[in-house]
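K.L.:
Below are the sequence and a predicted model; questions follow.
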Amino acid sequence: GENVEQHPSTLSVQEGDSAVIKCTYSDSASNYFPWYKQELGKRPQLIIDIRSNVGEKKDQRIAVTLNKTAKHFSLHITETQPEDSAVYFCAGIQGAQKLVFGQGTRLTINP
Amino acid sequence: AAGVIQSPRHLIKEKRETATLKCYPIPRHDTVYWYQQGPGQDPQFLISFYEKMQSDKGSIPDRFSAQQFSDYHSELNMSSLELGDSALYFCASSSGATTGELFFGEGSRLTVL
């Protein structure tokens, strides 16, 4: 089945700097890669996703890149703000529609 | 817009008791997923249903069972509760027409004492 590895597990950046989180996946048949942001005790919220027919997608300060050959995808957050502090999860699709999550990255933005 | 509704939001049980969590998906969504998230852990897939039939099964203990009803709501039944079952339980729904876009409920926090 699908296995998603995520790193780093923790990331601390200065406000205004960029943050990059990387994930690798094992199932070459996976075709959908979402990123979720989760604040403490709250539900995961979809912030951006990418499908396997594109290599990059951008939404304001957030971008995701996908390298199908290497089977990895990355989340890029530019001009980070304190409200970006949260746990971020990448995920891949296994089977029909089951999401398999990465281990999560705790992002801390230092003012 | 209507979201995924979960109840109860908080639940406290004793060891060996039973608990039932409910999930009401977004209208016209035909697929429901259950995830378990322990403290500091990533969400772990338990089970999913598509059109009222079990579609996939993950790391769900034999003590747990679930079903999806004719109105598409789903219930997760947990018996012989153990301390390790304390976690946030998320339900998510999606439309079979759109691969992968899961919408999560607020979660049900189960505490087993």
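P.N.:
Yes, it's here. Predicted, not measured: the structure shown is a model, and the values here were computed from it.
K.L.:
From here on, just use CA atoms for contacts and neighbour counts.
P.N.:
Fine.
K.L.:
what about the residue nearest to residue A:14 when sequence neighbours are not counted, how many residues close to it?
P.N.:
Excluding the flanking residues, the one nearest residue A:14 by Cα to Cα, 6 or more residues apart in numbering or on different chains is residue A:110, at 4.8 Å. By other Cα atoms under 10 Å in any protein chain shown, 14 other residues sit near residue A:110.
K.L.:
my guess is residue B:63 meets residue B:79, correct?
P.N.:
Yes. Counting by Cα atoms under 8 Å, residue B:63 touches residue B:79, with 5.4 Å between them.
K.L.:
neighbour-wise, which of these two wins?
P.N.:
For residue B:63 and residue B:79, the more surrounded residue by other Cα under 10 Å is residue B:79, and the numbers stand at 16 against 12.
K.L.:
now stretch B:78-85, how far from the chain's geometric center?
P.N.:
The chain centre lies 15 Å from the centre of stretch B:78-85; the measure is Cα atoms, centre = their mean, to the nearest Å.
K.L.:
can you pull the buried residues of that stretch?
P.N.:
Using 16 or more other Cα atoms under 10 Å in any protein chain shown as the test for burial, stretch B:78-85 gives B:78, B:79, B:81, B:82, B:85.
K.L.:
Quick check: the first one vs residue B:15, distance?
P.N.:
Between residue B:78 and residue B:15 the distance is 11 Å, computed by Cα to Cα, to the nearest Å.
K.L.:
now the last one
P.N.:
The spacing between residue B:85 and residue B:15, counted by Cα to Cα, is 10 Å.
K.L.:
Determine the residues that are contacts of both of these two.
P.N.:
Residues touching both residue B:85 and residue B:15 (Cα atoms under 8 Å, 6 or more residues apart in numbering or on different chains): residue B:112.
K.L.:
what's the lengthiest strand in chain A packed up against?
P.N.:
Ranked by number of residues, the top strand in chain A under DSSP state E is strand A:86-94. Other elements packing on strand A:86-94 under the criterion 3 or more Cα pairs under 8 Å, 6 or more residues apart in numbering or on different chains; DSSP states H and E are strand A:4-7, strand A:32-38, strand A:98-101, strand A:105-110.
K.L.:
Mind listing residues that contact the third one?
P.N.:
Read that as strand A:98-101. With Cα under 8 Å, 6+ apart as the criterion, strand A:98-101 contacts A:2-4, A:89-94, B:33, B:42-45, B:48, B:56, B:100.
K.L.:
same deal with the longest one?
P.N.:
Judged by Cα under 8 Å, 6+ apart, the contacts made with strand A:32-38 from elsewhere in the structure are A:44-52, A:73, A:75, A:86-93, B:99-100.
K.L.:
Just the buried subset of those, written out for PyMOL, thanks.
P.N.:
To isolate the buried ones among those in PyMOL, judged by 16+ other Cα under 10 Å, type:
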select buried, (chain A and resi 44+45+46+48+49+50+51+73+75+86+87+88+89+90+91+92+93) or (chain B and resi 100)
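K.L.:
contacting residues around the closest residue to residue B:57 other than its chain neighbours?
P.N.:
Leaving aside its sequence neighbours, residue B:57 sits nearest to residue B:47 (Cα to Cα, 6+ apart; 4.4 Å). By Cα under 8 Å, 6+ apart, residue B:47 lies in contact with B:33, B:34, B:35, B:54, B:55, B:56, B:57, B:58, B:59, B:60, B:66.
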